[in-house]
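The following block contains a protein sequence and its predicted model.
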Amino acid sequence: MHKQVWAKSGKSRDIELYTSNNTLEKLHHPLLLIGGMHGDEPEGVYLAELTLEWALQVPLKALNDFALIPCINPDGFAQNQRVNANGVDLNRNFPSHNWSPEFKESRYYPGPYAGSEIEVQALIKLIANIRPRLIIYFHSWKPCVVVTGPKNLEEAVILSNYSGFELVHDIGYATPGSLGEYGWHDLQIPIICTEDSEHRDRNLSWQHFGEGIKKILLKQ
Ligand SMILES: [Zn+2]
């Protein structure tokens, strides 16, 4: 396992990246796992950290190639707020085909222009570098597994089956500038968003999603 401080947040906090190969370009069709896009959803950060803890116990050669970012929005996380230090919802800031400057509530502020935020810029660059075959990012809201990509995507079915959470293809409202829109509709990389129940015991996230994540990360 290789650790690097690969980017800095707006407030110069470290953004850590863990990978199965220390040369990013050598990762072979990796899985990209991301926690903490929304700073007030700590369940996702714990899930990413517990995934990392588990992966550290497993011989690297038993795992599919992966890259893992425990917390992409450390400034928001430190303040327990959804948005980053500039008040931007990172999950509305990606330069997707449908990015829009409009927003209904300040917590969805998409930024002054698409891709304006340093955290989003870093992620765009990483995705271009490692070309992940799949991105899974961890949220909390109402329990479900949202897939933006092919119907019945195997990994999404696994996460849904193990957690018992419904598999949906649409979260029920438009999300212009989200990672799902950018990843799938602009780059054709399937995106899975796990939504755990919010404000619960943090260890529940691993109980809900741990087995599915293990299944996806372990080589067959
Ligand atoms: Zn979220």
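Arrived safely, thanks for sending. Residues are numbered from 1 along each chain as shown.

which SSE is the residue positioned nearest the centre of the chain in?
The residue lying closest to the centre of the chain (C-alpha atoms, centre = their mean) is Tyr137, at 2.4 Å. Using DSSP states H and E, Tyr137 falls within strand 134-141.

What sits closest to Ile136 if chain neighbours are left out?
In this structure, Ile136 finds its nearest non-sequential neighbour in Ile192, 4.5 Å apart by C-beta to C-beta, 6 or more residues apart in numbering. C-betas here are computed from N, CA, C, even on glycine.

follow-up on the earlier one: just give me how far the helix or strand that the strand holding Tyr137 is followed by sits from the chain centre.
Next in sequence after strand 134-141, counting helices and strands by DSSP H and E, comes strand 144-148. Here strand 144-148 is found 12 Å from its chain centre; the criterion is C-alpha atoms, centre = their mean, to the nearest Å.

For strand 144-148, which strands pair with it and how are they oriented?
strand 167-168 (parallel), strand 191-197 (antiparallel) (DSSP bridges).

Downstream of the last one, the next helix or strand is which one?
Which is strand 191-197. Sequence-wise, the next helix or strand downstream of strand 191-197 (DSSP H and E) is helix 204-217.

which of the residues in that next one are buried?
204-206, 208-210, 212-214, 216-217 (16 or more other C-beta atoms under 10 Å).

next one: stretch 150-164
Neighbour-count burial for stretch 150-164, counted by 16+ other C-beta under 10 Å, picks out 153, 155-156, 158-160, 162-163.

Thanks a lot, see you next time.
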